[in-house]
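*Asks:* Sequence plus predicted model, see below.
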Amino acid sequence: MSITRRKFLQQSGMAAAAIMLPQHSHRSAPPMARPVLDPNSLAPFVDPLPIPKVLHSTQLRPTPGNPAVKLPYYRLAMRQFQSKVHRDVKPTRFWGFDSSLPGPIIESQSGKGILVEWANELPTSHFLPIDHNLHGADADKPEVRTVVHLHGAKTMPESDGYPEDWYVPGKSAVYHYPNEQDAALLWYHDHALGINRLNVYAGLFGLFIIRDAAEDALNLPRGRYEVPLVLCDRFFDLDGQLYYPVSQYPKFPWISELFGNAILVNGKLLPYLDVEPRKYRFRVLNAANGRFFHLSLSNGQNFHQIGTDQGLLSVPVPLKMLTLAPAERADLIIDFADHAGGEVVLRNDSFSPVMQFRVARKKVADESSLPSSLRVIPKIAESQAVATRNLMLVEIDDLRGDTASLLLNNAHWKDPITETPALNSVEIWNLMNVTDDAHPIHLHLVRFQILDRRRFDTFAYQNQNILRYRGEPVPPEPNEAGWKDTVRADPGMITRIIIPFQGYPGRYVWHCHILEHEDNEMMRPYEVEASLRA
Ligand code: C2O
Ligand code: CU
Ligand code: CU
């Protein structure tokens with residue numbers, strides 16, 4: 001197996017103004033097969049920001065495996081529906097939970113379990129380009145398959161949405177979420193093997209909020225002053241329909257990365273939100289397949305990040321620019337008090353508008369607070385780790401130099417399991433990225449802390465198995481110094497994370513959250529082993 005890391009610049013047939021060239025590209029789409037909608041041609045800020053509705057449970061049902069205990073029960077159906085992404089764009093076909101994009105919000109309390117029935121009520125044929133060469137997407141598999149994973153949840157394996165546990169239209173699965181974890185913003189999304197990128201692109205995702213007493217006591221902005229912002233990028237064709245590009249090889253339509261030119265916030269293109277001149281709490285999720293967002297405010301004002309993937313940080317972190325990798329979450333406080341009567345634009349990459357805040361003129365009392373300390377996060381000592389695993393992030397190219405697949409430690413999805421941490425043990429995983437791209441790496445079940453990142457000689461490591469550092473270890477950014485479940489493994493760096501494997505024994509997965517990578521081998525099962533001494 002020859003491994004090269006050649007870079008190809010994309011030859012895009014699109015006008016540069018209409019499409020931002022991706023920063024990098026391996027197997028990307030050829031000149032667009034179809035012309036795509038240019039969001040710059042649309043009137044900005046004409047649609048109000050939609051706020052996803054909160055789902056309410058109306059009944060109790062027995063817990064599977066423990067029928068004496070009855071828990072609040074929810075049912076969410078995945079359906080095809082039409083929605084307008086912008087006033088001047090025709091309705092778009094999506095697949096979404098409860099016919100909405102994002103799906104409704106499930107809110108629960110830490111320690112209070114719930115049941116969710118995830119029902120597949122989709123059509124039986126897919127409307128996005130399946131690549132039958134990918135694992136689990138063989139031509140003999142049903143086209144439409146779904147399985148739902150609750151990202152960031154500490155869930156038993158049978159309710160975790162294992163990628164091979166998919167089911168077809170007309171079927172459903174009831175999952176049990178114990179919610180025995182701290183307050184955090186989680187999200188549910190499809191996880192079907194080999195077509196996950198297409199199902200999520202079609203719209204199959206939504207938010208899940210866990211609250212707890214410690215967070216409630218902080219007096220953060222709440223009610224209508226707490227606003228979810230779910231960001232994702234897409235391409236639309238001139239009829240307003242979702243467009244998922246394909247490679248130039250008709251038999252291998254898979255592309256290694258997708259950077260859509262249209263950014264949706266809660267399912268709208270360039271929406272606006274009326275706000276009062278006071279503090280707001282924004283619960284931000286990057287639900288994109290592969291785009292990293294770099295968010296800032298047009299007036300250059302500071303904002304504060306108070307939480308990350310797995311809940312509150314220990315102290316608020318002032319920021320002017322927030323980087324959010326796919327699947328990462330950020331809990332933000334933005335204070336509009338000094339901007340009464342003004343307009344503030346949330347921008348990506350310093351220039352593209354994402355949405356607008358229209359600040360009311362009338363001063364209001366703001367009783368909410370931005371506490372100077374949020375919670376105690378004990379640092380896990382490296383000495384607690386019983387094992388350290390070196391795990392290489394690898395890109396495999398074909399003879400043309402195009403990306404063929406991406407691997408975790410040179411292993412494929414189907415290879416025997418190699419990561420078998422013991423339940424309740426602590427391990428250090430060294431994510432050794434020898435590729436030229438950042439990969440957001442996510443582990444199911446657990447939360448972890450970032451130890452550091454350190455530049456190393458990727459060539460020597462990959463080809464001669466020699467570990468040679470090229471710099472000093474860099475501690476995590478202040479806004480990463482909390483509990484995480486997804487971490488940016490930067491190119492040419494070893495990213496070290498320390499992970500307590502708490503929860504349940506059984507089979508889970510870890511993977512890159514660039515969905516095009518995950519669908520093409522950059523995902524591996526791992527097994528938490530019941531500890532013998534328990
Ligand atoms: Cu957000 Cu394995 O997923
Ligand atoms: Cu997950
Ligand atoms: Cu990746």
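*Replies:* All right, it came through fine. Ligands and ions are numbered 1, 2, ... in the order given.
*Asks:* how many neighbours does residue 219 have?
*Replies:* 11 (other C-beta atoms under 10 Å). Glycine gets a C-beta too; all of them are placed from N, C-alpha and C.
*Asks:* didn't it look like it was pressed against residue 368?
*Replies:* Yes - contact criterion C-beta atoms under 8 Å: residue 219 and residue 368 qualify, at 5.8 Å.
*Asks:* Quick check: residues of the stretch 401-534 of the chain near ligand 3?
*Replies:* Proximity of the stretch 401-534 of the chain to ligand 3, by C-beta under 5 Å from the ion, involves residues 439, 512, 514, 517.
*Asks:* Give the helix, strand or coil label for the closest residue to ligand 3 within the stretch 101-250 of the chain.
*Replies:* At 11.5 Å from ligand 3, residue 197 is the closest residue in the stretch 101-250 of the chain, using C-beta to the ion. Following DSSP: H, G, I helix; E, B strand; the rest coil, the label given to residue 197 is helix.
*Asks:* Skipping adjacent residues, who's closest to residue 173 in space?
*Replies:* Nearest-residue entry for residue 173: residue 118, 5.5 Å, with adjacent residues in sequence omitted and distances by C-beta to C-beta, 6 or more residues apart in numbering.
*Asks:* Neighbouring strands - and their directions - for the helix or strand that neighbour falls within?
*Replies:* In this structure, residue 118 sits in strand 114-120 according to DSSP states H and E. In the sheet, strand 114-120 lines up against strand 66-83 (parallel), strand 172-177 (antiparallel) (DSSP bridges).
*Asks:* Name the residues of stretch 450-465 that come out as buried.
*Replies:* For stretch 450-465, a neighbour-count test (16 or more other C-beta atoms under 10 Å) marks 450, 451, 453, 454, 455, 456, 457, 458, 461, 462 as buried.
*Asks:* Quick one: the strands in the stretch 201-350 of the chain, in order.
*Replies:* 205-211, 226-236, 242-243, 262-265, 268-269, 272-275, 279-286, 293-297, 303-308, 311-319, 322-324, 329-335, 343-348 (DSSP state E, counting those that start in this stretch).
*Asks:* which strands and helices sit next to the helix or strand that the strand holding residue 118 is followed by?
*Replies:* For strand 114-120, the following helix or strand on the C-terminal side (DSSP H and E) is strand 148-151. Applying 3 or more C-beta pairs under 8 Å, 6 or more residues apart in numbering; DSSP states H and E, one finds that strand 148-151 contacts strand 172-177, strand 184-190.
*Asks:* how about those in a markdown table, adding distance to ligand 1, mean pLDDT and mean neighbour count?
*Replies:* A markdown table is the format used below for the helices and strands packed on strand 148-151 (distance: least, C-beta to the nearest ligand atom, whole Å; pLDDT from 0 to 100; neighbours: other C-beta atoms under 10 Å):
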| stretch | distance to ligand 1 | mean pLDDT | mean neighbour count |
| --- | --- | --- | --- |
| strand 172-177 | 14 | 97 | 20 |
| strand 184-190 | 6 | 98 | 25 |
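*Asks:* pretty sure the residue nearest to residue 173 is touching residue 175, no?
*Replies:* Yes - between residue 118 and residue 175 there is a contact at 6.5 Å, judged by C-beta under 8 Å.
*Asks:* shared neighbours of those two, which are they?
*Replies:* Residues touching both residue 118 and residue 175 (C-beta atoms under 8 Å, 6 or more residues apart in numbering) are residue 148.
*Asks:* what about dumping the CA coordinates of stretch 476-496 to CSV?
*Replies:* Presented in CSV, the C-alpha positions along stretch 476-496 are these (Å, rounded to 0.1, in the frame of the first residue of the first chain):
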residue,chain,number,x,y,z
PRO,A,476,-5.5,23.6,24.6
GLU,A,477,-7.0,27.0,23.8
PRO,A,478,-8.8,28.4,26.9
ASN,A,479,-12.2,27.7,25.2
GLU,A,480,-11.2,24.0,24.8
ALA,A,481,-10.0,23.6,28.4
GLY,A,482,-13.2,21.9,29.6
TRP,A,483,-15.0,18.6,29.0
LYS,A,484,-15.0,17.8,25.3
ASP,A,485,-16.3,15.0,23.1
THR,A,486,-14.9,16.2,19.8
VAL,A,487,-11.4,17.5,19.3
ARG,A,488,-9.7,19.2,16.4
ALA,A,489,-6.7,17.0,15.5
ASP,A,490,-4.6,19.6,13.6
PRO,A,491,-2.4,18.6,10.6
GLY,A,492,1.2,17.6,11.4
MET,A,493,0.4,17.6,15.1
ILE,A,494,0.0,15.0,17.8
THR,A,495,-3.2,15.9,19.8
ARG,A,496,-3.2,14.2,23.1
